[in-house]
Structures are given as structure tokens and as C-alpha cells.
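Undergrad: Curious how this folds, go ahead:
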Amino acid sequence: MSTPFYVSPEQVMKDKSDYARKGIARGRSVLTLAYADGILFVGENPSNALHKISEIYDRIAFAAVGKYNEFENLRLAGVRYADLRGYQYDRRDVTSRGLANAYAQTLGTIFTEAGKPYEVEIVVAEVGDTPADDQLYRLTYDGSVAEEHGFVAMGGNSEPLAAYVKERHDPTAPLEAVLKLGVEALAQAGADAEPRTIAAGDLEAAVLDRTRPRRAFSRLVGPRLERLLGEEKSKK
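TA: Prediction:
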């Protein structure tokens, strides 16, 4: 009788972590940035069909990097959670904190019990009546959840992105300025290379706008996005 192959639990967890991180690193980055009237999401995504940024509920949104089918499953689960809780109790009982905790439990269970962890990193954001009431939660593949302030950078280039944004980000600035900063950060190709130019058509951008009634989520597309980036003037 052969001896069963043994791998220590520590090694299993390490292998799963390495696997998930490598998968996430292959994805294009997404930035979440506070601005004067809300929260901005921006990422490089030329696809018009596969969204990394989506609305979850009235004043809550979701952004993700990694494997699309896995974070899409999480997004749909979040929408069902929010709709059910809002229907059973009250719309005000649907919060980003509750949603982040639900996601943390799901991701943690998959990481420890499933053969393959989810290759995802997500942000759950909620815009409040004032900037002090805004909430940002970052969740990783193993179910770890952290409350962030001001901005979040996710994806394979997250560390240099975060360093670039941290030096320049002003959460009281208008949307135009913060959007341009986000695009500049995404265009940085590294310390030894020239920054790229990212056209509006290759971007996915959306906001949680605290000035909008009830449903705060709005996508920035077409002429509106081009106007915010200043591309309309350059075309004339």
C-alpha cells in the first residue's frame, strides 16, 4: 500500500495565494477615487460588453479586476443580496458594509474549501450625503476585507499606481481633475518607459454622484467622457 502524498496546510494556502495573485496580476488595473461630489471608478477596458464596474444598489457600486466570470458571479450575488434585503426590510438597510461582509464570507469559504481560489480583487463603494460618509471596502481573493480612504488601486500594476495617485490625489477636486489624474496614472507604463496615451474609447468609467436623486450610479461614456477628458476640443 502506497503512502498518501502529504502537503502541509501552510503550503496549500501559500500555493493558492500565489495562484490567485498571478491571475489578478494579468488583469488590467482599475482605480477608485474620491472627488468633490462622489466616487469615481476608471479602468482601461476596450470592451463594451464585459464591464468591470457596475451598479449594485441605489448608492452602492462594485469594481473588480481578475477573472471575469468569477467576479461577474460575485456581482450578481451582490445584486440579489441587496434586492432581497431591501425588499424584506428597508432600502436604507442595504449598506456597503453588509455587502462587503457577505462577499468576505463567500471569498473566504471558496479560498479555504474549494480546489481553486477565485482570481479576483474587488471594491465595494457607497456614496454618502457628505464626503465623510463615503465608504470604500477592498476585498481580496482570500476574503480579507479592508476599509480604504480616498482611493483604491487594483490589478497587476497596483503598487506603482497607488504611489502615483497618492502623491497627486485631492479628494476635494472636481470630477474633471480627478478623472484626468486617474487616466494619467493608468497610462504610466513604468519608470523606464514613456507613458501611453489611452483614448476615451478604451476606458470604462463611472461615478457614484451624491447630487443625483436616489440612484447615484452613472456611467461616463461617449461625448460626456470625451468632454471631461478634454478630447472634444482636440478633435475640432
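Undergrad: switch to C-alpha atoms for all contacts and neighbour counts from now on
TA: Noted.
Undergrad: Pretty sure Glu55 sits in a strand.
TA: Yes: with the criterion set as DSSP: H, G, I helix; E, B strand; the rest coil, the secondary structure at Glu55 is a strand.
Undergrad: Let me know the pLDDT of it.
TA: On pLDDT, Glu55 comes in at 96.
Undergrad: Skipping adjacent residues, who's closest to it in space?
TA: Among residues not flanking Glu55 along the chain, Ala61 sits closest, at 4.4 Å (C-alpha to C-alpha, 6 or more residues apart in numbering).
Undergrad: In three-state terms, label that neighbour for me.
TA: Each residue gets one of three states, and Ala61 gets strand by three-state DSSP.
Undergrad: Ala82 now?
TA: helix.
Undergrad: So which residue is dead centre in this structure?
TA: The structure's the chain has its C-alpha centroid closest to Ala63; by C-alpha atoms, centre = their mean the separation is 2.9 Å.
Undergrad: Bridging across strands, which residues link to it?
TA: Ala63 has the following beta-bridge partners by DSSP bridges: Ile53, Val123.
Undergrad: Any idea how many residues pack against the residue nearest to Glu55?
TA: Residue neighbour count, defined by other C-alpha atoms under 10 Å, stands at 28 for Ala61.
Undergrad: isn't it right up against Gln135?
TA: No: shown here, Ala61 and Gln135 do not form a contact pair, counting by C-alpha atoms under 8 Å, at 10.7 Å.
Undergrad: Need the residues touching each of those two.
TA: Taking C-alpha atoms under 8 Å, 6 or more residues apart in numbering as the contact criterion, the residues that touch both Ala61 and Gln135 are 125-126.
Undergrad: What separation is there between the residue lying closest to Asp93 once chain neighbours are set aside and Phe62?
TA: Using C-alpha to C-alpha, 6+ apart and skipping the chain neighbours, the partner closest in space to Asp93 is Gly86 (6.5 Å). Plainly put, Gly86 is 17 Å away from Phe62 if you go by C-alpha to C-alpha, to the nearest Å.
Undergrad: These two: which is more packed in?
TA: Neighbours were counted for Gly86 and for Phe62 using other C-alpha under 10 Å; Phe62 has more, 24 against 16.
Undergrad: Would you mind confirming that that one is in contact with Ile56?
TA: Yes: the criterion here is C-alpha under 8 Å, and Phe62 meets it with Ile56 at 6.4 Å.
Undergrad: ok, which stretches of this protein are helices?
TA: If you assign secondary structure with DSSP state H, the helices in the chain sit at 9-25, 68-88, 96-113, 158-168, 175-187, 222-229, 231-235.
Undergrad: quick one, which of these is nearest to Gly128?
TA: Evaluated with C-alpha to C-alpha, the helices of the chain place helix 96-113 nearest to Gly128, the distance being 10.7 Å.
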